[in-house]
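Visitor: how would this look folded up:
(2 chains)
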Number of protein chains: 2
Amino acid sequence: MSTNRQWIYARKPSGEVGPENFDLREAAMPEPRDGEVLVKTTLLSLDPASRAWMQGATYRSQLNPGDVMAGWGLGEVVSSKASGFSPGDLVSGEFGWQQYAALPARALAKHDKKHKPEHILGALGITGLTAYFGLLDVGKPRPGETVLVSGAAGAVGSIAGQIAKLMGCRTVGTTRGADKCRWIVDELGFDAAVDYQGENLDKALKAACPNGLDVYFDNTGGAVLEAALRRMNVFGRVACCGAISQYNTASPSPGPFGVPGFLVTKRIRMEGFVVMDFYNRRAQAEAALARWLDEGRIKAPVEIVEGFEKMPGALAGMFAGKNRGKLMVRV
Amino acid sequence: MSTNRQWIYARKPSGEVGPENFDLREAAMPEPRDGEVLVKTTLLSLDPASRAWMQGATYRSQLNPGDVMAGWGLGEVVSSKASGFSPGDLVSGEFGWQQYAALPARALAKHDKKHKPEHILGALGITGLTAYFGLLDVGKPRPGETVLVSGAAGAVGSIAGQIAKLMGCRTVGTTRGADKCRWIVDELGFDAAVDYQGENLDKALKAACPNGLDVYFDNTGGAVLEAALRRMNVFGRVACCGAISQYNTASPSPGPFGVPGFLVTKRIRMEGFVVMDFYNRRAQAEAALARWLDEGRIKAPVEIVEGFEKMPGALAGMFAGKNRGKLMVRV
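Guide: Sure, this is the predicted structure:
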């Protein structure tokens, strides 16, 4: 094969992201330079943050139309001009939405093959590390406390909620629709689920969290954050992981009423975090997650869409709330 | 004297608080019971939080029409049925807006008379402790960092900014109008001042904080908080002390745009606090504040309004931005 298919971020979305924002391009096969590795992509991760990267600068610089769409992937080394990497090695990194990538060795992580590829890219990768550090280091739950996780059926939320259960917390999740509510309770072991599109979010949250909320792991921002702030206990912690409710629009809502008033009144700590800040401790987290996964103490649900050409549609489907657990595309 | 004049919180404000919300009442002189102390009020503190107490439950239960208006005061013991207190002692506590109060001994703090009464009620009291703990324990400034203080000409803000200077930080304050902007720079030693009602708050803040913001001591919420979030550096800290921009209205604004998005992107920590949470360390803070005051390293500007009958007007004037430093009424 001498060409490399790439999804180009072609046009900035004015509202919801969809296939019209991307172009499929055939490019020349990349040539690794000294210190670089040529990787063939096998799995690409779909992440809500992708939409935010298209809108403006975040914890990374803004993507610009014409760029290969950014994203994390798992793949196999085809050829290597870097020490430490050989053909056949299983590696992950920020490949972008393309079938082949030539990347500097320092941008790649090498993995042994005892875990399933989809777990390496999911529960044992960025997804799991985000849940682990966000919940434990930012949320700091204590046994017996009540933890609310929004986006609880999503990739990060599903893991964060299960870790909260392992910590001995009453664990409540928000998601969309009765089916996913049942699923996070029956399949993932949440103590209760709240449909955030249901009739009265405040009332439902109160019923599900009779002792109030001590930790809120926020994947959504918006209305759920606002309702959660009203239920927080004194000295509660909000781990701000993401704000999916605000990404997929050209005009995000103002912050929830109650910030900063509730923060003062209830001495709440709201703290944003990005998983990369904890990278020096990733080995610890990976070991814990791998053990829990191996022992069956957490489940790592994954949905794999087949076919590189489906990337844009899969991203749109994620914002439509279609996936359960980690969504990825097999290239 | 056999009667006790009291200001009663009579009618809930629908918007801005003013004299129409209070009634002056003559009540019987209170009789201390066993374990109680009869205090004659000499100074009453005016605090923005008073308005919030009238609106709903905060870190204390809501005030209800008919209650004696709540507030902190300094006074002299008239008679005592509690051990440890004798006539003539200088004491402070939550006296309420009244000329005499009978209070349990545990609700009173006794002071020696080497400091000025207005400092005991201000820079060495709740006001100074709030600035001290909020800045140092919640904001955690490091030398060389930039600290922004809103409400910088107010009681807490004026002290917080001066402590930030003592810590070796570039210190910027927001206040209203050119006079107060000059005053916080020339008199209090802030490095720069920003008029939050000026034409372009973002631009002014950028000019005053060329290296961004590391700590924001938030007394106001609202537009200043929003602009500050946009200027925060990665790993910045927002110490949420109060939200005076949101108190004096029946319909507070929604939280600033950028919460929680900016918090994630920049890993910002926003933390509400109430000074009472630090009471076990008050001796340490009082000693530091007293030393700085004695050595002339901080100034504690005070405005004293003469006459108990002026309490409601003084409170309204505070929301109109009339005072510089700590506002109190001599009873």
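Visitor: next, give phi and psi for residue A:156.
Guide: Per-residue torsions, residue A:156: phi -70, psi -40 (degrees, to the nearest 10).
Visitor: surely it touches residue A:129?
Guide: No. Shown here, residue A:156 and residue A:129 do not form a contact pair, counting by Cβ atoms under 8 Å, at 9.5 Å. Every C-beta, even on glycine, is put in place using the N, C-alpha and C of the backbone.
Visitor: ok, the residue nearest to residue A:219 when sequence neighbours are not counted - contacts?
Guide: With sequence-adjacent residues excluded and distances taken as Cβ to Cβ, 6 or more residues apart in numbering or on different chains, residue A:219 is closest to residue A:151, at 3.3 Å. By Cβ atoms under 8 Å, 6 or more residues apart in numbering or on different chains, the contact set of residue A:151 is A:157, A:174-175, A:219-220, A:242, A:244.
Visitor: nearest to chain B, of these?
Guide: Of all the contacts of residue A:151, residue A:242 has the smallest distance to chain B: 6.1 Å, by Cβ to the nearest Cβ.
Visitor: now that closest one: how far from residue A:175?
Guide: Using Cβ to Cβ, to the nearest Å, residue A:242 is found at 15 Å from residue A:175.
Visitor: where exactly do the helices run in chain A?
Guide: Applying DSSP state H to chain A gives helices spanning A:49-55, A:117-121, A:126-133, A:155-166, A:178-186, A:201-208, A:222-231, A:244-247, A:261-266, A:282-294, A:311-319.
Visitor: now for the contacts of residue A:151: which two are most distant?
Guide: Maximum pairwise distance in those, criterion Cβ to Cβ, is 14.6 Å, between A:175 and A:242.
Visitor: within range of chain B, give me the residues from the stretch 101-250 of chain A.
Guide: Those residues of the stretch 101-250 of chain A that sit near chain B, judged by Cβ under 8 Å from any Cβ of the partner chain, are A:218, A:221, A:225, A:238, A:240-243, A:246.
Visitor: if you set the cut-off to 10 Å instead, what comes out?
Guide: By the rule Cβ under 10 Å from any Cβ of the partner chain, the part of the stretch 101-250 of chain A lying against chain B is A:134, A:138, A:218, A:220-222, A:225-226, A:229, A:234-243, A:246-247.
Visitor: ok, of those, which come out buried?
Guide: Restricting those to buried positions leaves A:134, A:138, A:218, A:220-222, A:225-226, A:229, A:236-243, A:246-247, with burial counted as 16 or more other Cβ atoms under 10 Å in any protein chain shown.
Visitor: close enough to count as contact, residue A:165 and residue A:188?
Guide: Yes. With contact defined as Cβ atoms under 10 Å, residue A:165 reaches residue A:188; the gap is 8.4 Å.
Visitor: identify the contacts common to these two.
Guide: Here residue A:165 and residue A:188 share the contacting residues A:171, A:298, scored by Cβ atoms under 10 Å, 6 or more residues apart in numbering or on different chains.
Visitor: when those two are compared, which one has more neighbours?
Guide: Neighbour tally, residue A:165 and residue A:188, criterion other Cβ atoms under 10 Å in any protein chain shown: the higher count belongs to residue A:188, 23 against 17.
Visitor: quick one, what contacts that one?
Guide: Here residue A:188 is in contact with A:152-153, A:157-159, A:161-162, A:165, A:171, A:173, A:298-299, A:301, A:324-325 (Cβ under 10 Å, 6+ apart).
Visitor: can you check residue A:31 too?
Guide: Applying Cβ under 10 Å, 6+ apart, the residues contacting residue A:31 are A:38, A:79, A:81, A:102.
Visitor: out of those, which is nearest to residue B:66?
Guide: Nearest to residue B:66 among the contacts of residue A:31: residue A:102, at 76.2 Å, using Cβ to Cβ.
Visitor: wait, the closest one sits on residue A:41?
Guide: No. With contact defined as Cβ under 10 Å, residue A:102 does not reach residue A:41; the gap is 12.0 Å.
Visitor: which one is residue A:187 nearest to, not counting chain neighbours?
Guide: Of all residues not flanking residue A:187 in the chain, residue A:299 sits nearest, at 6.9 Å (Cβ to Cβ, 6+ apart).
Visitor: neighbours of that neighbour, how many?
Guide: Neighbour count for residue A:299, taken as other Cβ under 10 Å: 16.
Visitor: residues contacting it?
Guide: Contact partners of residue A:299, counting by Cβ under 10 Å, 6+ apart, are A:123, A:158-159, A:162, A:187-189, A:292-293, A:325.
Visitor: taking these, please make a PyMOL selection of just the buried ones.
Guide: Selection of buried members from the contacts of residue A:299 for PyMOL, criterion 16+ other Cβ under 10 Å:
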select buried, chain A and resi 123+158+159+162+188+292+293+325
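Visitor: pick the one among the contacts of residue A:299 closest to chain B.
Guide: residue A:159 (17.6 Å).
Visitor: and residue A:102 and residue A:41? Which one has more around it.
Guide: Neighbours were counted for residue A:102 and for residue A:41 using other Cβ under 10 Å; residue A:41 has more, 23 against 17.
Visitor: tell me how far the more buried one lies from chain B.
Guide: To chain B, residue A:41 is 27 Å away according to Cβ to the nearest Cβ, to the nearest Å.
Visitor: so what pairs up with that residue in the strands?
Guide: Per DSSP bridges, the residues bridged to residue A:41 are residue A:75.
Visitor: picking up where we left off before, out of the contacts of residue A:31, which is most surrounded?
Guide: In the contacts of residue A:31, the most neighbours by other Cβ under 10 Å go to residue A:38, 21 neighbours.
Visitor: wait, doesn't that one sit right on residue A:81?
Guide: Yes. Here residue A:38 reaches residue A:81: they are 8.3 Å apart, a contact under Cβ under 10 Å.
Visitor: quick check: neighbours shared by these two?
Guide: Common neighbours of residue A:38 and residue A:81, counting by Cβ under 10 Å, 6+ apart, are A:31-32, A:102.
Visitor: with pLDDT and distance to residue A:254 added, can I get those in CSV?
Guide: Shown next, in CSV, are the shared contacts of residue A:38 and residue A:81 (pLDDT from 0 to 100; distance: Cβ to Cβ, whole Å):
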residue, pLDDT, distance to residue A:254
A:31, 95, 48
A:32, 96, 47
A:102, 97, 43
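Visitor: of those, closest to residue A:93?
Guide: Distance to residue A:93, by Cβ to Cβ, is smallest for residue A:102 among these, at 11.3 Å.
Visitor: and chain A, what are its domains?
Guide: Following automatic domain parsing, chain A resolves into domains at A:3-122+A:301-330, A:126-276.
Visitor: if you compare the ones you listed, which one is most tucked away?
Guide: Stretch with highest mean neighbour count among those: domain A:126-276 (a mean of 22; mean count of other Cβ atoms under 10 Å in any protein chain shown).
Visitor: measure that domain end to end?
Guide: 9 Å (Cα to Cα, to the nearest Å).
Visitor: tell me the mean pLDDT over it?
Guide: For domain A:126-276, mean pLDDT rounds to 94.
Visitor: ok now it, how far from the chain's centre?
Guide: 14 Å (Cα atoms, centre = their mean, to the nearest Å).
Visitor: how far away is the residue in the stretch 101-250 of chain A positioned nearest to chain B from residue B:237?
Guide: Chain B sits closest to residue A:240 of the stretch 101-250 of chain A, with a gap of 4.3 Å, by Cβ to the nearest Cβ. Remark: distance between residue A:240 and residue B:237 (Cβ to Cβ) = 14 Å.
Visitor: now do the shared contacts for those two.
Guide: Common neighbours of residue A:240 and residue B:237, counting by Cβ under 10 Å, 6+ apart, are A:271, B:268-270.
Visitor: how close does the closest residue to residue A:312 other than its chain neighbours get to chain B?
Guide: Leaving aside its sequence neighbours, residue A:312 sits nearest to residue A:19 (Cβ to Cβ, 6+ apart; 4.1 Å). To chain B, residue A:19 is 25 Å away according to Cβ to the nearest Cβ.
Visitor: ok, residue A:255 next?
Guide: Distance of residue A:255 to chain B, given as Cβ to the nearest Cβ: 3 Å.
Visitor: noted, bye for now.
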